[in-house]
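**Student:** predicted structure and sequence below. I'll ask about it afterward.
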Amino acid sequence: MSRKSTRTADGRQAEGRQTEAADDLLERLNDDHVIDTLVSRLYERLTPMFEKLFAKLADDFSRKYDVQVEKTAIEVATRVCDSMAQKIVNLEKTNASLETRLEEVTNLYRMDNLIIHDLPETSYLEIASGVTTSANLPPPSQSNQEALCSVIKLCNERLGVAVNETAFSSVYRIPRGKKDSHRLVIVRFTSQRVRSSILSARKILRSGTSGSGSERIYINEHLRSLIASFCDL
């Protein structure tokens, strides 16, 4: 027999053995017991691999999720902070504008006023009787009347400006400052002419030409600025 024929025969025998093996495998696969065994072994070998794979995927997802959540939270917080900061800036501007308007309106309202420092206090009964004694502060109604009488007396006797009750819209005292000997007096005028006359005549109080032994009294414009409260014009 030739070598070629031998090779052909061997090939056929090998193919035959392979076919038999395949048929035998197919036959075995049809056996439920064999299939259960294969599934059990595959489960035992593949389960740890899948668990490890899923654990890695879950860990990667968790890290990416945490990073994304943190990034989103920072972005949201930044936007909120920026918005709040802008609102604060706008409110500060509005507040500054309102304060300026309020000061302008207040000063406009106070243009008819003067404020008198260190005008001595006496009770209304003392003024009416002409007797000067130390006494407790009178009730508000008497206190306002006392302040009115004291201002009229100051204008007529020391400033040389003739006035009566009709020159004033209101006269009342407010709490004194730390450097004041008496409560301050707020005077609101019905006439700008009288107010201007008293304001011009206040230099007499500063020069001390209004009589010996007279108390030092200051008259200023009733402005909102603290500077106006302490300037001695």
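**Tutor:** Cool, the structure landed.
**Student:** how does this structure divide into domains?
**Tutor:** The chain breaks down into these domains under automatic domain parsing: 3-63, 113-230.
**Student:** state the mean pLDDT of the first one.
**Tutor:** In other words, domain 3-63. Average pLDDT, domain 3-63: 75.
**Student:** same question for stretch 100-107.
**Tutor:** For stretch 100-107, the mean pLDDT works out to 83.
**Student:** show me which residues of it are buried.
**Tutor:** Buried residues in stretch 100-107, counted by 16 or more other CB atoms under 10 Å: residue 107. Glycine gets a C-beta too; all of them are placed from N, C-alpha and C.
**Student:** work out the gap between it and the centre of the chain.
**Tutor:** 22 Å (CA atoms, centre = their mean, to the nearest Å).
**Student:** can you give me the strands in this structure?
**Tutor:** For the chain, the strands defined by DSSP state E occupy 113-117, 168-174, 184-189, 218-221.
**Student:** residue 160 is nearest to which of the ones you listed?
**Tutor:** Among the strands of the chain, the nearest to residue 160 by CB to CB is strand 218-221 (13.5 Å).
**Student:** check the offset of the closest one from the chain's centre.
**Tutor:** 36 Å.
**Student:** what do you get for stretch 64-72?
**Tutor:** The answer for stretch 64-72 is 32 Å, by CA atoms, centre = their mean.
**Student:** so which bits of it are buried?
**Tutor:** Of the residues in stretch 64-72, none is buried (16+ other CB under 10 Å).
**Student:** can you tell me which helix in this structure is longest?
**Tutor:** The residue-count maximum for a helix in the chain (DSSP state H) belongs to helix 32-109.
**Student:** packing partners of that helix?
**Tutor:** If contacts are counted by 3 or more CB pairs under 8 Å, 6 or more residues apart in numbering; DSSP states H and E, helix 32-109 sits against no helix or strand.
**Student:** next, the angle from it to strand 184-189.
**Tutor:** Here helix 32-109 runs at 70 degrees with respect to strand 184-189, directions being taken by axes from the mean of the first three to the mean of the last three CA atoms, to 10 degrees.
**Student:** helix 32-109 vs strand 113-117, what angle?
**Tutor:** Going by the same axes, to 10 degrees, helix 32-109 makes 80 degrees with strand 113-117.
**Student:** burial count for residue 168?
**Tutor:** By other CB atoms under 10 Å, the residues close to residue 168 number 20.
**Student:** an error on my part: the question was meant for residue 201.
**Tutor:** Counted with other CB under 10 Å, the neighbours of residue 201 add up to 16.
**Student:** could I get the contacting residues of the nearest residue to it once chain neighbours are set aside?
**Tutor:** Leaving aside its sequence neighbours, residue 201 sits nearest to residue 159 (CB to CB, 6 or more residues apart in numbering; 4.2 Å). Counting by CB atoms under 8 Å, 6 or more residues apart in numbering, residue 159 touches 198, 201, 202, 204, 205, 210.
**Student:** ok, what's across the strand from the residue lying closest to the third one once chain neighbours are set aside?
**Tutor:** Think residue 202. Using CB to CB, 6+ apart and skipping residues adjacent in sequence, the residue nearest residue 202 is residue 219, 4.1 Å away. For residue 219, the beta-bridge partners under DSSP bridges are residue 116.
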